[in-house]
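J.: Sequence first, predicted model second:
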Protein chains: 2
Amino acid sequence: MTTFFLRILFDDAERLGPGKVALLEAIAAEGSISGAARMMGMSYRRAWLLVETMNDMFTEPVTEAAHGGVHGGGASLTPFGHQIVERYRSIEETLRRAAVQDVAFLERHLRKRTG
Amino acid sequence: MTTFFLRILFDDAERLGPGKVALLEAIAAEGSISGAARMMGMSYRRAWLLVETMNDMFTEPVTEAAHGGVHGGGASLTPFGHQIVERYRSIEETLRRAAVQDVAFLERHLRKRTG
């Protein structure tokens, strides 16, 4: 199935794309940044930096300590973090539906036809 | 202004994104692959390989020799090449319009507000 790689490029070089959104989803699923990092096959440091980048770029934090504070390990999404995920996935879904005809045209002209 | 980086990922690892589409537009504007490569700041070899990739992935060629054949230098887009550009830009424009509300939500929550 044809899919999209979609990155939103804000002014001032801020970006929101599939990597950050998937990380937020993984934090929600795993209940910690370290668990999310493992799930995504990235280092804890990289996951932590991506979360910090999001907390810096937005006016509200995207994650919060779930229990035990800094050294307790748990993290969950804030309501705002969930909204970021929902808005991004909503844009993707809108794109998917709106692009059906143009994508079908392209698929019809692929040498290896997609399913 | 907020913009999008959009790449279409077909099955079999074929992809169509802003680089290939901008190259097609540059060929149409410059009348040759070498002129397009210069305009885009890429090597002639890279531009030529990208054109070959598109000619391989689609059932119809995207460019044709404009005059003088292989060594004559000129190249233009085929009608199909123009259609690829139009379909991709159409998807982008549809995305831009359909995503207005979600993008506005994200922009409102940026620490550095975009224009």
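T.: Perfect, I can see it now. Residues are numbered from 1 along each chain as shown, chains lettered A, B, ... in the order given.

J.: And A:Thr59, how far from A:Leu50?
T.: Distance of A:Thr59 to A:Leu50, computed by CB to CB, to the nearest Å: 18 Å. Yep, even glycine has a C-beta here, placed from its N, CA and C like the rest.

J.: more neighbours, the two?
T.: A:Leu50 (20 against 12; other CB atoms under 10 Å in any protein chain shown).

J.: I'd guess that one is in a helix, am I close?
T.: Yes: read with DSSP: H, G, I helix; E, B strand; the rest coil, A:Leu50 is one of the residues of a helix.

J.: What strand or helix carries the nearest residue to A:Glu30 once chain neighbours are set aside?
T.: Closest residue to A:Glu30 apart from its sequence neighbours, by CB to CB, 6 or more residues apart in numbering or on different chains: A:Ala36 at 4.8 Å. Element membership of A:Ala36, judged by DSSP states H and E, is helix A:33-40.

J.: Helix B:79-98 and the helix ranked longest in chain A, what's the angle between them?
T.: Using DSSP state H, we find that the single longest helix of chain A is helix A:79-98. For helix A:79-98 against helix B:79-98, the angle by axes from the mean of the first three to the mean of the last three CA atoms, to 10 degrees is 140 degrees.

J.: Going toward the C-terminus from helix A:79-98, what's the next helix or strand?
T.: Counting by DSSP H and E, what follows helix A:79-98 is helix A:100-108.

J.: Does that following helix reach chain B?
T.: Yes: using CB under 8 Å from any CB of the partner chain, helix A:100-108 reaches chain B at A:102-103, A:105-107.

J.: which one among those residues gets closest to B:Gly41?
T.: B:Gly41 lies nearest to A:Leu106 out of these, by CB to CB, at 26.8 Å.

J.: Tell me the secondary structure of A:Glu64, please.
T.: Here A:Glu64 is recorded as strand under three-state DSSP.

J.: for it, which residues make a bridge with it?
T.: A:Ser76 (DSSP bridges).

J.: That one contacts A:Ala75, correct?
T.: Yes: using CB atoms under 8 Å, A:Glu64 is in contact with A:Ala75, at 7.0 Å.

J.: need the helix or strand of chain A with the lowest average pLDDT.
T.: The weakest-scoring helix or strand in chain A, judged by mean pLDDT, DSSP states H and E, is strand A:63-65 (a mean of 93).
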